[in-house]
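Enquirer: Give me a 3D structure for the following:
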Amino acid sequence: MPTSKKLKITALAGGVGASKLLLGLYEVMDPRDLTVIVNTGDDIVLHGLKISPDLDIVTYTLAGIVDSAKGWGFRGETFHALKRLALYGRANWFNLGDRDLATHIHRTAMRAEGKTLSQAAESIRTALGVKSCIFPMSDDPVPNPSCAAFALPASNPRAPLPASSKLSPLPIASLSARAIP
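Expert: Numbers count the residues shown, from 1 in each chain. Down below sits the predicted model:
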């Protein structure tokens, strides 16, 4: 009689679509056997906060707290701080909800204390009760030329870059290598 092997999956993921696929896996298998390595190429610093949108959407989705109608952020999120920032003339095109801001403040504080992005992601995952392991693809900043779109006007932040834009190759050699625990 054949013995059944326990299925373990490691997924490379990023964004809303991937988080929905991961949720399906999370619900049909033992979530402790799912490991997710998440894109960090879209990470940005905004209002002095280190924001990892792909790590956050994956974590929020697997924690069961994502706003499924919007596909991102916390369910029932409020935007009081963002409205106040706009009143002060600060950028408000990137929808940072009040509870989402707590995640970014926590991550930024951990990084300022010398912790890695992996350690911050683990702290957030654990606090939100996610059973699967979630790792950033790198603890080092990974420049993404397409993120230059974030600097475009709020009316169309995802607009294509002008044809005259020069994109440089990614400095992959500068990234440090380490084993995932």
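Enquirer: ok, residues contacting stretch 48-55?
Expert: With Cβ atoms under 8 Å, 6 or more residues apart in numbering as the test, stretch 48-55 has contacts from 13-15, 18, 38-40, 42-45, 72, 94, 96, 101, 104-105, 107-108, 111, 117, 121, 124, 134, 136. Glycine gets a C-beta too; all of them are placed from N, C-alpha and C.
Enquirer: quick one: buried residues of that stretch?
Expert: Within stretch 48-55, the residues that qualify as buried are L49, K50, I51, S52, P53, D54, L55, counting by 16 or more other Cβ atoms under 10 Å.
Enquirer: Quick check: mean pLDDT of it?
Expert: Averaged across stretch 48-55, pLDDT comes to 94.
Enquirer: Pull up the distance across it, start to finish.
Expert: Start and end residues of stretch 48-55 are separated by 18 Å (Cα to Cα, to the nearest Å).
Enquirer: now stretch 48-65: how far from the chain's centre is it?
Expert: 4 Å (Cα atoms, centre = their mean, to the nearest Å).
Enquirer: Restrict stretch 108-124 to CA atoms and write it as CSV.
Expert: C-alpha atoms of stretch 108-124 as CSV (Å, rounded to 0.1, in the frame of the first residue of the first chain):
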residue,chain,number,x,y,z
THR,A,108,10.1,51.0,10.3
ALA,A,109,10.9,51.0,14.1
MET,A,110,12.2,47.4,13.9
ARG,A,111,14.5,48.3,11.0
ALA,A,112,15.7,51.4,12.9
GLU,A,113,16.5,49.0,15.8
GLY,A,114,18.8,47.1,13.4
LYS,A,115,16.4,44.2,12.7
THR,A,116,16.1,42.7,9.2
LEU,A,117,13.1,42.9,7.0
SER,A,118,12.7,39.1,7.6
GLN,A,119,12.5,39.7,11.3
ALA,A,120,10.0,42.5,10.9
ALA,A,121,7.9,40.3,8.5
GLU,A,122,8.0,37.4,11.1
SER,A,123,6.9,39.8,13.9
ILE,A,124,3.9,41.0,11.9
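Enquirer: Identify the residues contacting that stretch?
Expert: Applying Cβ under 8 Å, 6+ apart, the contact partners of stretch 108-124 are 38, 40, 48-50, 52, 55-56, 59, 103, 106-107, 134-136, 138-139.
Enquirer: Narrow the residues you listed to those in strands?
Expert: V38, L49, K50, I134, F135, P136 (DSSP state E).
Enquirer: unless I'm mixing things up, the last one is touching G41, no?
Expert: No. With contact defined as Cβ atoms under 8 Å, P136 and G41 do not form a contacting pair (10.2 Å).
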